[in-house]
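>>> Starting from these lines, generate the structure:
(one chain, ligands or ions: 1)
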Amino acid sequence: MTDAIKILVTGANGQLGKSFKKTEEGLMPHSCKYIDMADLNLTRTGDVRHYFDHHQFDFVINCAAYTRVDDAEHDQAETFAVNAEVPALLGELSRKRFFKLIHISTDYVFSGNSSIPYKETSKAFPLSIYGKSKHEGEMALRNNENALVIRSAWLYSEFGSNFLTTMLTLGREKKEVSVVCDQIGSPTYATDLAKAIFNIIKTSVQNKFIPGIFHYTNEGICSWFDFAWEIINMSGLPCKVIPIATSQYLLPARRPAYSVLDKSRIKKVYGLEIPYWKESLRCVLNVLATT
Ligand SMILES: NC(=O)c1ccc[n+]([C@@H]2O[C@H](COP(=O)([O-])OP(=O)(O)OC[C@H]3O[C@@H](n4cnc5c(N)ncnc54)[C@H](OP(=O)(O)O)[C@@H]3O)[C@@H](O)[C@H]2O)c1
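Residues are numbered from 1 along each chain as shown. Prediction:
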């Protein structure tokens with residue numbers, strides 16, 4: 001590898017892609033290229049092969065995904081094309097073109113029937129098309145010595161539309177908002193995940209790249225109701241947050257009732273320190289208050 005590490009980030013206009021862009025400065029000597037749909041539609045296999053024939057990278061971080069979980073139920077072909085076939089192709093190219101692939105997956109690969117945090121080795125049993133497609137993407141990278149898969153969960157950021165920005169909008173516009181209290185997980189600030197991945201790259205370059213599946217979320221667990229309550233209260237909005245059951249808020253795609261991820265492996269192997277979710281929430285609210 002040369003001194004300046006060459007990194008490609010796909011899905012650059014998504015919330016995680018944008019979080020990489022704002023985080024990259026000062027981390028290490030590197031050049032980062034960001035691409036999204038308009039630059040290269042990753043489901044066009046011929047175009048992707050051609051692109052990698054002409055561009056060389058040390059690391060490819062795949063943030064591109066079909067993430068509209070409910071639409072995915074009726075849009076299976078496109079969902080599998082982006083979430084399963086794209087990582088398979090990138091995995092194949094990682095071997096041919098000698099780059100390390102860091103691919104992002106999800107807690108939705110689990111059924112949610114557990115009551116203890118899921119390990120990387122826990123049995124996957126996705127409940128939705130989105131979860132099934134992401135699981136197939138993981139499977140395509142199994143046994144690939146150049147691929148590292150990070151399962152994350154409940155991603156939010158200051159960018160675009162996500163649970164945080166939706167709650168802030170509702171909190172300003174409504175007197176009360178109802179949020180499910182029987183789905184338990186761990187919120188993850190996209191900036192924390194981006195920093196963690198840059199640190200993994202740094203460790204891989206300085207020490208060793210360890211492939212396989214890893215879990216990363218912020219520390220701590222809560223329900224969506226708890227998360228909404230903290231957002232509204234930390235922001236000082238005069239909106240009441242009402243706990244409801246999932247059965248009172250039915251959506252096309254089923255979600256796991258419990259999807260806490262055990263992060264021991266990523267902490268041990270890559271030496272990461274992970275912020276507690278309320279600290280990260282306070283950070284992003286400060287960012288929003290000053291922009
Ligand atoms: N959001 C969550 O709560 C969550 C939780 C766990 C894991 N994850 C995973 O984390 C990763 C990042 O998620 P995110 O929230 O940042 O997603 P996001 O905001 O929806 O961004 C995904 C990006 O991928 C692009 N994309 C979609 N299809 C593409 C294609 N065929 N070719 C090129 N680009 C394409 C999208 O472009 P367009 O907008 O033009 O379609 C979008 O910019 C994904 O792998 C996701 O599965 C997310």
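>>> Strands of the protein, residue ranges please.
Per DSSP state E, the chain carries strands over the ranges 5-10, 30-35, 59-62, 100-106, 147-152, 155-156, 176-180, 184-185, 188-189, 212-215, 222-223, 240-244.
>>> Residue 258: which of those strands is closest?
Closest to residue 258 of the strands of the chain, according to Cβ to Cβ: strand 184-185, at 4.9 Å. Where C-beta positions appear, they are placed from N, C-alpha and C, glycine not excepted.
>>> Check which helices and strands the closest one is in contact with.
When contacts are defined as 3 or more Cβ pairs under 8 Å, 6 or more residues apart in numbering; DSSP states H and E, strand 184-185 sits against strand 222-223.
>>> tell me what the strand it packs on is packed against?
Using 3+ Cβ pairs under 8 Å, 6+ apart, strand 222-223 sits against strand 184-185.
>>> The strand it packs on close to the ligand?
No: against the ligand, strand 184-185 shows no contacts by Cβ under 6 Å from any ligand atom, the least distance being 9.4 Å.
>>> now do stretch 45-64
Yes: residues of stretch 45-64 are located near the ligand by Cβ under 6 Å from any ligand atom, namely 63, 64.
>>> Straight-line length of that stretch, end to end?
15 Å (Cα to Cα, to the nearest Å).
>>> Can you point out the buried residues in it?
Of the residues in stretch 45-64, 48, 51, 52, 57, 58, 59, 60, 61, 62, 63, 64 count as buried by neighbour count, 16 or more other Cβ atoms under 10 Å.
>>> sorry, back to before: let me have the strands of the chain in CSV, extended by mean pLDDT.
Shown next, in CSV, are those (pLDDT from 0 to 100):
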stretch, mean pLDDT
strand 5-10, 95
strand 30-35, 91
strand 59-62, 98
strand 100-106, 98
strand 147-152, 98
strand 155-156, 98
strand 176-180, 97
strand 184-185, 98
strand 188-189, 98
strand 212-215, 98
strand 222-223, 98
strand 240-244, 97
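>>> how about CSV for the ones you listed, with distance to residue 19 added?
Shown next, in CSV, are these (distance: least, Cβ to Cβ, whole Å):
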stretch, distance to residue 19
strand 5-10, 10
strand 30-35, 11
strand 59-62, 11
strand 100-106, 11
strand 147-152, 12
strand 155-156, 9
strand 176-180, 24
strand 184-185, 19
strand 188-189, 8
strand 212-215, 18
strand 222-223, 21
strand 240-244, 26
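>>> Show me what from the stretch 151-291 of the chain comes close to the ligand.
By Cβ under 6 Å from any ligand atom, the residues of the stretch 151-291 of the chain that approach the ligand are 152, 153, 154, 155.
>>> Spatially, which two of those residues are the most separated?
Among those, 152 and 154 lie farthest apart (Cβ to Cβ), at 8.1 Å.
>>> any residues in contact with both of those two?
107, 188, 217 (Cβ atoms under 8 Å, 6 or more residues apart in numbering).
>>> most surrounded residue in those?
If you count neighbours using other Cβ atoms under 10 Å, the busiest of these is residue 217, which has 29 neighbours.
>>> if I look at that one, how far off is residue 189?
Distance, residue 217 to residue 189, by Cβ to Cβ, to the nearest Å: 10 Å.
>>> out of the buried residues of stretch 45-64, what pair is the most spread apart?
Spatial extent of the buried residues of stretch 45-64 (Cβ to Cβ) is set by the pair 58 and 64 at 18.8 Å.
>>> follow-up on the earlier one: spit out the residues that contact residue 217 and residue 189 alike.
Joint contacts of residue 217 and residue 189 (Cβ under 8 Å, 6+ apart) are residue 277.
>>> List the residue ranges of the stretch 1-150 of the chain that fall below the pLDDT cut-off.
Flagging of the stretch 1-150 of the chain using pLDDT under 70 yields the residue ranges 1-3, 26-29.
>>> Looking at the stretch 1-150 of the chain, which residue is nearest the ligand?
The nearest approach of the stretch 1-150 of the chain to the ligand comes at residue 14, 1.9 Å away (Cβ to the nearest ligand atom).
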